[in-house]
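S.K.: Just a sequence and a predicted model for now, questions to come.
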Amino acid sequence: MNVPSDLAGLDVDELAPQTFSVEDENPFSTMMAGFDEAADRIGLDPDVYTMLRNPDREIRVSLPTQLEDGRLAVFDGWRVQHNAGLGPYFGPLRLQRSLRVEELRAIAGWMTWKCAVLNIPFGGAAGGIRISPGRHTRGEVERVVRRYVASMMADVGPDRDVFSSDVATDEQIMAWIMDTVSMHERATQNAVVCGKPLALGGSFGHASSVAEGIRTLLGPALEFAGISRSPARVIIQGAGMRGGNLASLLAQDGHVVVGLSDVHGALHNPDGLDVPSLLRHRAEHGSLRGAEGDFERITNEEMLVKECEALIPCAAAGTLHLRLALRLNAGLIIEGAHGAVSSRADRILAERKIRVVPDILATGGGAVVNYFEWVQNRRGFNWGQETVQERLVGVMNEAWKEVCALATEQDCRLRMAAQMLAVRRVSNADRLRGVYA
């Protein structure tokens, strides 16, 4: 891990010992690489650097749960709270059999930087339960989730730590979280969770929020990258809520979606795919397998290196790694997932003059609408769909302008400008709040 130059004389590991291993291409190292470089460039105070280097708190719980057949199973759950300098912790809860704590640490950090660059008064957090939802009944999943929330009661709440949805956590699961907290508090606490059903205080625009944010930035980003071809050819990795909604929105805007994929493979047509037809097939069958149309079936990796103006990976961390970075034929990359571009790949792309809109900015639409939901719950008033959309576009455009201005001023890539802006805001908040002992 690179340490800022003004910390060279300090034994940082003694001041803040690490309790995890850092590999070059894992999500946590990718997140930390951006933080370290930004800290170095802005001359971050050594004491503040030491505080921001590790999460504030990591909570691990065991979740004994009665299964339908009478057996008792014990699941593992975690919540990583990264930093609360700007406001309450805020971040996703995921249900995942392959859950890794290192990835939760990375996501919690990214959430801190994302909220800061968007000027949202939240800190970052991330949590998860190690479980395969598809292998359990809905009742078993409900019991696990409620036990998890009950075990976290001392550390969560509208003013402490706010949940948002993520992998395998739909509106119903968010409703169970709200109800569990409310039962313990003996009062309705709908502001403790975002991504709820509209009937329980959810917000319009939640399902398409990330896609709407990327849609807002695509035009300005193409212009910033000096790409004038219109309509732009776009490749999107991922056809779920994020990638599928984005493909639909961009096709409506007149862009040509030439590549679309899911976990089963990719579809490619240099003249453009029939996006509505493919998304209807996916809605009916759960995947793009078996879809018919004018396209070539290829692998995900083959699709990623096809020629296009904008490549938007919306699937998983580390999708664009070093080897792929050397082969990409895109003029612009917009990270539609946290850590989609690894730290080593990012350096290669910068050398190749391929612009990258970083995840903490590009995926900000989700955090913005979640914040709107929290605000509406706190005020006891719901905004209409047009109001949510208008305010989302406004926040994304303002953040884009600030990042671009700093990138131009500092002559640095967009990722570093966004990271510097975020670290400045968080470190300033921590400095003003001081250290309570």
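M.R.: Nice, I can see it.

S.K.: helix, strand or coil for Glu58?
M.R.: Recorded secondary structure, Glu58: strand (DSSP: H, G, I helix; E, B strand; the rest coil).

S.K.: which ones are touching it?
M.R.: Residues counted as contacts of Glu58 (CB atoms under 8 Å, 6 or more residues apart in numbering) are Trp78, Arg79, Val80, Gln81, Val101, Arg105. From N, CA and C alone the C-beta is placed, and that goes for glycine too.

S.K.: Among these, name the buried ones.
M.R.: For the contacts of Glu58, a burial check counting by 16 or more other CB atoms under 10 Å picks out Trp78, Arg79, Val80, Gln81, Val101, Arg105.

S.K.: any idea how far the fourth one is from Arg41?
M.R.: Which is Gln81. Going from Gln81 to Arg41 by CB to CB, to the nearest Å gives 26 Å.

S.K.: Helices - which of the contacts of Glu58 land there?
M.R.: Val101, Arg105 (DSSP state H).

S.K.: can you redo the contacts of Glu58 as TSV with distance to Ala317?
M.R.: Converted to TSV, the contacts of Glu58 look like this (distance: CB to CB, whole Å):
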residue	distance to Ala317
Trp78	17
Arg79	19
Val80	15
Gln81	20
Val101	14
Arg105	12
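
S.K.: From the contacts of Glu58, pick the one nearest Phe35.
M.R.: Arg105 (11.8 Å; CB to CB).

S.K.: coming back round to it: looking at the buried ones among the contacts of Glu58, which is nearest Val305?
M.R.: Closest to Val305 out of these is Arg105 (30.7 Å), distances taken as CB to CB.

S.K.: Farthest pair within the buried ones among the contacts of Glu58?
M.R.: Greatest spacing in the buried ones among the contacts of Glu58, by CB to CB: Gln81 and Val101 (13.1 Å).

S.K.: which residue of the chain sits farthest from its center?
M.R.: Gly70 (37.4 Å; CA atoms, centre = their mean).

S.K.: can you pull the contacts of it?
M.R.: Applying CB under 8 Å, 6+ apart, no residues qualify as near Gly70.

S.K.: Was I right to think His174 contacts Asp166?
M.R.: No, residue 174 isn't His; it's Met. No: applying CB atoms under 8 Å as the test, Met174 and Asp166 come out as separate, 10.3 Å apart.

S.K.: more crowded one of the two?
M.R.: Met174 (25 against 19; other CB atoms under 10 Å).

S.K.: got a list of what the more buried one touches?
M.R.: Per CB under 8 Å, 6+ apart, neighbours of Met174: Phe163, Ser165, Val193, Cys194, Gly195, Lys196, Pro197, Gly202.

S.K.: The fourth one is in contact with Gln376, isn't it?
M.R.: Read it as Cys194. No: Cys194 sits out of contact with Gln376 when judged by CB under 8 Å, with a separation of 10.0 Å.

S.K.: Mutual contacts of the two, please.
M.R.: Residues touching both Cys194 and Gln376 (CB under 8 Å, 6+ apart) are Ser203.

S.K.: Tell me which of these two has more neighbours.
M.R.: A direct count of neighbours by other CB under 10 Å for Cys194 and Gln376 places Cys194 higher, at 29 against 21.

S.K.: gap between the more buried one and Leu392?
M.R.: For Cys194, the distance to Leu392 equals 14 Å [CB to CB].

S.K.: Give me the common contacts of the two.
M.R.: Jointly contacting Cys194 and Leu392 under the rule CB under 8 Å, 6+ apart are Val369.

S.K.: which element is Leu260 on?
M.R.: strand 256-262 (DSSP states H and E).

S.K.: Go over the secondary structure and confirm Thr196 is in a helix.
M.R.: Rather than Thr, residue 196 is Lys. No: applying three-state DSSP, one finds Lys196 to be coil, outside a helix.

S.K.: Pretty sure it sits against Met178.
M.R.: Yes: counting by CB under 8 Å, Lys196 does reach Met178; the two are 6.0 Å apart.

S.K.: Residues that sit against both of the two, list them.
M.R.: Joint contacts of Lys196 and Met178 (CB under 8 Å, 6+ apart) are Asn190.

S.K.: Scan the chain for its longest strand.
M.R.: Secondary structure of the chain read by DSSP state E shows that its longest strand is strand 72-83.

S.K.: Now do the contacts for Phe35.
M.R.: Phe35 makes contact with Leu52, Arg53, Gly109, Trp113, Gln419, Val423 under the criterion CB under 8 Å, 6+ apart.

S.K.: Could you export these as CSV, including secondary structure, pLDDT and neighbour count?
M.R.: Converted to CSV, the contacts of Phe35 look like this (DSSP: H, G, I helix; E, B strand; the rest coil; pLDDT from 0 to 100; neighbours: other CB atoms under 10 Å):
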residue, secondary structure, pLDDT, neighbour count
Leu52, helix, 90, 23
Arg53, coil, 88, 19
Gly109, helix, 96, 30
Trp113, helix, 97, 28
Gln419, helix, 97, 30
Val423, helix, 97, 26
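
S.K.: Pick the one among those closest to Arg431.
M.R.: Comparing these against Arg431 with CB to CB places Leu52 closest, at 11.0 Å.

S.K.: and the closest one, what does it touch?
M.R.: Residues near Leu52 by CB under 8 Å, 6+ apart: Phe35, Ala39, Leu44, Asn83, Val423, Val426, Ser427, Asp430.

S.K.: What degree of burial does the last one show, as a neighbour count?
M.R.: Read it as Asp430. Neighbour tally, Asp430, other CB under 10 Å: 19.

S.K.: please begin residue numbering at 268 from this point
M.R.: Okay, residue one is now 268; in that scheme the one you just asked about reads as Asp697.

S.K.: Secondary structure element holding it?
M.R.: Here Asp697 sits within helix 681-700, counting by DSSP H and E.
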